[in-house]
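In: sequence plus predicted model, see below.
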Amino acid sequence: MMEALIIGGQPETAALVADLAATLPLSYRPAASQDEGRSAVEFFAGDQPWATRVAESSSDKSWIVVVDPGLDDADAISSLADKVEAGSARIAFSESYAGDPAVELLRGQIAFAVTSCKMHGVTSGSLAGAIFTQVRLARAIGLRSLAAKDVCAVDGGALVTFSARFGEGDVQFGALATISSAAAPRHVVKAYGAGDIASLTLFGSDTARPGEAAIIDATGERQLPTIYETAHRALLRGLREREPLTPQELRDFATDVRLVQSLDLV
């Protein structure tokens with residue numbers, strides 16, 4: 001029988017750890033008081049200053065999972081990348097939107113050259129946080145080399161236009177964020193090519209509602225299979241076979257943080 005993967009958490013992630021473990025086989029279980037120092041996985045909340053807390057706590061003996069890592073100090077994230085490069089940390093990010101299983105499924109189905117991408121995020125949080133989520137989503141579906149071109153921000157909303165690359169081609173990327181306490185948080189992604197559209201609607205890991213993904217081309221609309229699993233559960237379930245974040249992936253995250261922080265959104 002496989003040895004149980006003991007999962008620990010900080011006080012702010014203890015409830016999440018318990019909820020996740022309850023839906024998984026007995027080979028996953030939350031740490032109990034007698035397991036002190038034996039956790040194979042430690043969950044950290046991704047609010048500030050998560051990078052410093054992770055750097056101080058990480059070791060090569062256990063995994064650290066950062067839940068929804070946010071706009072922390074970019075230099076601290078770069079320092080964490082240096083620690084990973086030295087071989088003294090195994091880290092994974094569990095991002096509610098960019099880590100949603102539907103994102104990876106859709107990315108594998110984008111067989112056309114993306115020339116433009118539009119996203120709309122509805123949030124009850126900050127505009128900066130919503131735009132950051134969309135930058136991370138852009139990277140998750142394959143966009144790279146993002147650079148801000150124009151920012152339009154008003155009370156309750158912001159539109160940021162970026163240039164980007166997909167494969168060997170240029171992409172125009174527009175990220176729209178709206179603050180609303182009435183509508184359920186979500187992010188809608190539309191990636192366009194010559195007659196092709198990749199569509200994705202994500203509701204986050206705070207709801208049981210699964211992501212909706214589709215490809216629209218000359219043959220019509222093809223709905224991709226529905227995955228009834230949150231990003232956090234998917235990451236934990238596959239952690240034994242997962243590769244930890246590379247130093248470059250952490251530096252890319254720091255680059256995304258600097259990009260959004262340069263927009264001066266609130």
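Out: Cool, got the structure.
In: mind checking how far stretch 81-99 is from the chain centre?
Out: Distance of stretch 81-99 from its chain centroid, counting by Cα atoms, centre = their mean, to the nearest Å, is 12 Å.
In: pLDDT of stretch 187-206, averaged?
Out: The pLDDT scores in stretch 187-206 average 97.
In: and the end-to-end length of it?
Out: The distance separating the two terminal residues of stretch 187-206, taken as Cα to Cα, to the nearest Å, comes to 13 Å.
In: that one: which residues count as buried?
Out: 187-193, 196, 198-205 (16 or more other Cβ atoms under 10 Å). From N, CA and C alone the C-beta is placed, and that goes for glycine too.
In: same question, stretch 23-34
Out: Using 16+ other Cβ under 10 Å as the burial criterion, the residues of stretch 23-34 that qualify are Tyr28, Arg29, Pro30, Ala31.
In: what lies in contact with it?
Out: Contacts of stretch 23-34 from elsewhere in the structure, counted by Cβ atoms under 8 Å, 6 or more residues apart in numbering, are 1-9, 14, 17-18, 20-21, 38-39, 233, 236-237.
In: who's in contact with the residue lying closest to Val135 once chain neighbours are set aside?
Out: With Cβ to Cβ, 6 or more residues apart in numbering as the criterion, Val135 has its nearest non-adjacent residue at 5.0 Å, and that residue is Asp256. For Asp256, the contacting residues are Phe132, Val135, Arg136, Arg139, Leu146, taking Cβ under 8 Å, 6+ apart as the criterion.
In: ok, now Arg237?
Out: Leu24, Tyr28, Glu229.
In: now it: how far from Gly169?
Out: 35 Å (Cβ to Cβ, to the nearest Å).
In: Tyr97 now?
Out: The gap separating Tyr97 from Gly169 is 24 Å, by Cβ to Cβ.
In: which one of these two is surrounded by more residues?
Out: Tyr97 (26 against 11; other Cβ atoms under 10 Å).
In: does that one sit in a helix, a strand or a coil?
Out: For Tyr97, the reduced secondary structure class is coil; criterion used: DSSP: H, G, I helix; E, B strand; the rest coil.
In: just checking, it touches His232?
Out: No. With contact defined as Cβ atoms under 8 Å, Tyr97 does not count as touching His232 (11.6 Å).
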